[in-house]
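Chemist: Got a sequence here, can you build the structure:
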Amino acid sequence: MIGNSQGRLQDRRPLSIIDIGSNSIRLVIYEGIARSPTILFNEKMLAGLGRGIVTTGKLDPDAVKRAVEEFRRFRALSEQAGAEQFFVIATAAAREAQNGMDFIHRAEEILGTQIRVLSGREEAYYSALGVISGFHPANGIAGDLGGGSLELVDISGETIGDGITLPLGGLRLQDMSKSSPATATRIARKELTRAKLLEAGQGRPFYAVGGTWRNLARLHMNTIDYPLAVMHHYEMGVESSATFLKQVVRGDLDKIRGIERVSKSRRALLPYGAAVLQEIIAAQKPSKIIISALGVREGFLYSLLSPGEQRSDPLISASEELALLRARSVNHAHELAEWTGSAFQAFGVDETEDEARYRRAACLLADIGWRAHPEYRGTQSLNIIAHASFIGVDHPGRAFIALANMFRHEGVFDEAISPQMRALATPRLLERARLLGAVLRVVYLFSASMPGVIPTLKWETRPGGGLALVIPRLHAALNGERPAGRLAQLSRLTGRNLELVVGD
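Modeler: Numbers count the residues shown, from 1 in each chain. Here you go, the predicted model:
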């Protein structure tokens, strides 16, 4: 009899979060409470609860009917997935509509749990936590654009500063402007004068949260032929995106490549999201726009972690989990992470804090492709890393981790390897990825991908700037032609005299 699948971490307890927004309602079932959360199931409906609320003061009746019917499905899905905890949060439309609490009470009866209706301050707080959880570290102004409101908050590391909620959500702005993006621009400009915190954001990033802005970013990727379709930590230059945003505000969407992939209900709100972003840029003068895939839901999940878990590195946590699930030995992966740090020191390679994190992650992930055919282990590893739902890493860092693993499998002198990832990596990161790949190619031949040997291997300096890789006599039998050949490749790459010796 076949037992339970080993593709999931066995110590996790699934939980569900339903996020009732002004435009969309989403169910997300997570594998468990974790620093880098993994999604088991994700489904949304674009209900449009907040449509028309400016003129009627009430939730859209058709949207209410559709939402209530969908809640039965969402509860059944949560139970089917084995969710042991069930949280429901609601934002602007539910808290502001005259019939909002009636809707909430009906939803609570169906879902069988209490719904937490967030105040504007709470919504801004959890949105800020979402950004804090997704970046290492965050330092700038975060803006969460929903259907009913815009939450702005100043973030510096783990510190949440001033915040404000403004009535600039996409649906609300569409209603207030009577479907005129030009009028919406003037409304946004006036409302943002109340957001004095934007002045403190000058020269710092703006973190854009919310589905409308993510869809804008996806379209921007298409216009510049960006090589990686990963939304989290995608960066839009302020000047380079100006023409694009003007085009969207004009409503000239049909000419934008990829617009057909945006749902019609989302598409209608893009000009209003672009108008708000334009006015934020004008008011804040940020260094760049960074897209966050994490928002209120993830911030709420982050709040459930212990303080110690919150302080852990999300990239390293996710890499450790993937190594546990896919590598031959997670202990071997940890040995690599420690040993390559010493190797880089021996070679005189200085590392920034982020570069050291990325090297550690690359080592933890160095064996995740071992089940693939030998000809495709490098490609599979690169693809998994390039497209994984990692947080706490920018796109150049992601490219470094992916390329280091590609070089480890495919060799370090193939200039045709992954031009897409090369385009993302800085020259410095590309050089270091090649070096790390070359070092891994040497050391793997001594360890057979199992722990115990790597910590015993030492680098010693030799006269004239040379280095010797010293193998303890206990493991002298591991020496041979293949390791010597790989060391010769490393010598060619670094331009240093390298030798293998057996110690006492």
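Chemist: CA atoms for contacts and neighbours, from now on please.
Modeler: Will do.
Chemist: Point out the other helices and strands that the strand or helix carrying residue 125 packs with.
Modeler: Residue 125 is part of helix 120-134, with elements assigned from DSSP states H and E. For helix 120-134, the packing partners by 3 or more C-alpha pairs under 8 Å, 6 or more residues apart in numbering; DSSP states H and E come out as strand 139-145, strand 150-156, strand 159-166, helix 296-303.
Chemist: Contacts for the second one next, please.
Modeler: Right, strand 150-156. 120, 123-125, 127-128, 132, 137-145, 160-169, 195, 197, 201 (C-alpha atoms under 8 Å, 6 or more residues apart in numbering).
Chemist: Show me what counts as buried in that strand.
Modeler: 150-155 (16 or more other C-alpha atoms under 10 Å).
Chemist: Spatially central residue for the protein, please.
Modeler: Among the residues of the chain, the one closest to the centroid is residue 391, at 3.4 Å (C-alpha atoms, centre = their mean).
Chemist: how many neighbours does the residue lying closest to that one once chain neighbours are set aside have?
Modeler: Spatial nearest neighbour of residue 391, chain neighbours left out: residue 134 (5.2 Å); criterion: C-alpha to C-alpha, 6 or more residues apart in numbering. Using other C-alpha atoms under 10 Å, the number of residues around residue 134 comes to 28.
Chemist: Next, work out how far apart residue 318 and residue 395 are.
Modeler: From residue 318 across to residue 395, the span is 16 Å (C-alpha to C-alpha, to the nearest Å).
Chemist: Neighbour count: these two, which is higher?
Modeler: With other C-alpha under 10 Å as the criterion, residue 318 and residue 395 differ in neighbour count, and residue 318 comes out ahead with 24 against 19.
Chemist: mind giving me the domain ranges of the chain?
Modeler: With domains defined by automatic domain parsing, the chain comprises 15-117, 121-298, 314-502.
Chemist: would you turn the ones you listed into TSV with mean pLDDT and distance to residue 308?
Modeler: Formatted as TSV, the domains of the chain follow (pLDDT from 0 to 100; distance: least, C-alpha to C-alpha, whole Å):
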stretch	mean pLDDT	distance to residue 308
domain 15-117	95	10
domain 121-298	95	13
domain 314-502	95	12
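Chemist: right, and the ones you listed - which one's nearest residue 7?
Modeler: Among the domains of the chain, the nearest to residue 7 by C-alpha to C-alpha is domain 314-502 (6.4 Å).
Chemist: doesn't residue 460 fall inside a helix?
Modeler: No. The assignment for residue 460 is strand, going by DSSP: H, G, I helix; E, B strand; the rest coil, so no helix is present there.
Chemist: can you map out the strands along the chain?
Modeler: Remark: strands assigned in the chain by DSSP state E are 15-20, 25-30, 39-45, 85-90, 115-117, 139-145, 150-156, 159-166, 206-209, 235-236, 289-292, 458-462, 466-471, 498-502.
Chemist: and among the ones you listed, the most buried is which?
Modeler: Of all those, strand 206-209 has the most neighbours on average by mean count of other C-alpha atoms under 10 Å, namely a mean of 28.
Chemist: can you list contacts of it?
Modeler: Outside strand 206-209, the residues that touch it by C-alpha under 8 Å, 6+ apart are 131, 140-145, 214, 286-295.
Chemist: ok, now stretch 90-105?
Modeler: Under C-alpha under 8 Å, 6+ apart, the answer for stretch 90-105 is 19-22, 49-50, 53, 57-59, 64, 115-120, 123, 148-149.
Chemist: Also stretch 365-380?
Modeler: Contacts for stretch 365-380 (C-alpha under 8 Å, 6+ apart): 319-320, 322-323, 326-328, 333, 381, 405-410, 449.
Chemist: Only the buried residues of that stretch, if you could.
Modeler: 365-370, 376-380.
Chemist: Just the closest of those residues to residue 353, please.
Modeler: Among the buried residues of stretch 365-380, and counting by C-alpha to C-alpha, the member closest to residue 353 is residue 365, at 18.6 Å.
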